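> Sequence and computational prediction follow.
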Amino acid sequence: MPPHQPPPPSTGTPDWAQLADATAARSRRRKLLIVGGGVLGAGAVAAIVATAVVMTGKNDKADTTSGRLPSASASPEPTFAPVAPPSPPDPREFISSADKDKAPLTTQSFFPQAQPVMSPGAAYRRTATDTAADCTDAAEGGLGQVLQDNGCRQVLRATYVRDGVAVTVGVAVFDTKAAADKAKDQYTGNITPLPGDDGTAFCRGTTCRNSANTEGRYAYFTVAGYTNGTAVPADDTKALAAGRDAGGYVFRRILARGSEQAAASVRSKTPGH
């Protein structure tokens, strides 16, 4: 009996090697599809994000069709209303009436400097001061009566000397500007010359230069002459200049009195003072 041999392969038996190869090929195709799908998905997401960015960027751009820039949302800055300091009142308001003119009435306030420069290059030396409670004691030649009739309160005087000329200036104090103006309009005679502390007398029984003026409730008068007692001639310029200098000096002192009181009234109304 011949030896046993396996039967020849049947055509109906599966080819396992071929089946393995086919399975591996399908697996590779499936992986490629998954990877490709992932790439396509990521690309789609990126496209959506890029579109959103472009759309957002369009909103931030200027409106070129209307010519307007996008409005800012910054907080408004605080504003402060300007507060101007009050203007000082007119100084003449304080020197025109005793009701407002409350500063001390002393020779120091009217004649504070011992050697004032009353005009450019003209320095004087003060030689005497005086206060007369009775106005008639400081005036002569009818002026005393004029002062008294118009309600003069007192007369403050000072004498100044320069280059052989002496001048006395007297400030008559009234309650109102109207009274001072009336006394000046009725002016006659002169203020009495006030001798210097050294005993030098001037304008005694001789011709001298006289003047009269007013500012506020004050009438002020000058009398000027030579210290050697001689008469002042008609063509004199030195005594005339001394009278003008002394009158101008007192005028400025009276205005300063008003300015100081006006400034003080403003300070008293300012917070913190």
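Perfect, I can see it now. Owing to the predicted nature of the structure, the values given are computational and were not obtained by experimental measurement.

> What are the contacting residues of stretch 97-109?
For stretch 97-109, contacts defined as C-beta atoms under 8 Å, 6 or more residues apart in numbering pick out 93-95, 129-131, 154, 156-158, 173, 175-177, 216-217, 253, 257-258, 260-261. No exception for glycine: its C-beta is placed from N, CA and C like everyone else's.

> try 7 Å this time
The contact list for stretch 97-109, computed with C-beta atoms under 7 Å, 6 or more residues apart in numbering, reads 93-95, 129, 131, 154, 156, 158, 173, 175-176, 217, 257, 260-261.

> Put the alpha carbons of the helix or strand where Q145 lies into CSV.
Q145 belongs to helix 143-149 when assigned by DSSP states H and E. C-alpha atoms of helix 143-149 as CSV (Å, rounded to 0.1, in the frame of the first residue of the first chain):
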residue,chain,number,x,y,z
LEU,A,143,-8.1,180.7,56.9
GLY,A,144,-8.7,179.6,60.5
GLN,A,145,-12.2,180.8,60.4
VAL,A,146,-12.9,179.1,57.1
LEU,A,147,-11.6,175.8,58.4
GLN,A,148,-13.7,176.1,61.6
ASP,A,149,-16.9,177.1,59.7
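
> pLDDT below threshold where in the stretch 101-250 of the chain?
Scanning the stretch 101-250 of the chain for pLDDT under 70 picks out no residues.

> Would you map the helices across it?
Remark: helices assigned in the stretch 101-250 of the chain by DSSP state H, counting those that start in this stretch are 107-110, 143-149, 177-185, 238-269.

> got the buried residues for the last one?
Buried residues in helix 238-269, counting neighbours by 16 or more other C-beta atoms under 10 Å, are found at 238-239, 241-247, 249-250, 253-254, 257-259, 261-262.

> Output the contacting helices and strands for that helix.
If you count contacts as 3 or more C-beta pairs under 7 Å, 6 or more residues apart in numbering; DSSP states H and E, helix 238-269 packs onto helix 92-95, helix 107-110, strand 117-119, strand 165-173, strand 209-215, strand 218-226.

> And the furthest pair within the contacts of stretch 97-109?
E93 and T129 (27.9 Å; C-beta to C-beta).

> Count residues in the vicinity of D163, would you?
12 (other C-beta atoms under 10 Å).

> And the nearest residue to it once chain neighbours are set aside, how close does it get to T159?
Counting by C-beta to C-beta, 6 or more residues apart in numbering, the nearest residue to D163 once its immediate chain neighbours are dropped is K238, at 6.7 Å. Using C-beta to C-beta, to the nearest Å, K238 is found at 16 Å from T159.

> show me the contacts for I254.
Per C-beta under 7 Å, 6+ apart, neighbours of I254: 95, 215-216, 218.

> And for the helix holding Q145, what's in contact with it?
135-136, 139, 172, 183, 186-191.

> Selecting buried members of the residues you listed in ChimeraX, what would you type?
Buried residues within the contacts of helix 143-149, by 16+ other C-beta under 10 Å, are selected in ChimeraX with:
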select :135,136,139,172,183,187,189,190,191
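
> Can you lay out the contacts of helix 143-149 as JSON lines showing distance to A224?
Output for the contacts of helix 143-149, formatted as JSON lines (distance: C-beta to C-beta, whole Å):
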{"residue": "C135", "distance to A224": "21"}
{"residue": "T136", "distance to A224": "22"}
{"residue": "A139", "distance to A224": "16"}
{"residue": "A172", "distance to A224": "18"}
{"residue": "A183", "distance to A224": "20"}
{"residue": "Q186", "distance to A224": "22"}
{"residue": "Y187", "distance to A224": "16"}
{"residue": "T188", "distance to A224": "18"}
{"residue": "G189", "distance to A224": "15"}
{"residue": "N190", "distance to A224": "10"}
{"residue": "I191", "distance to A224": "10"}
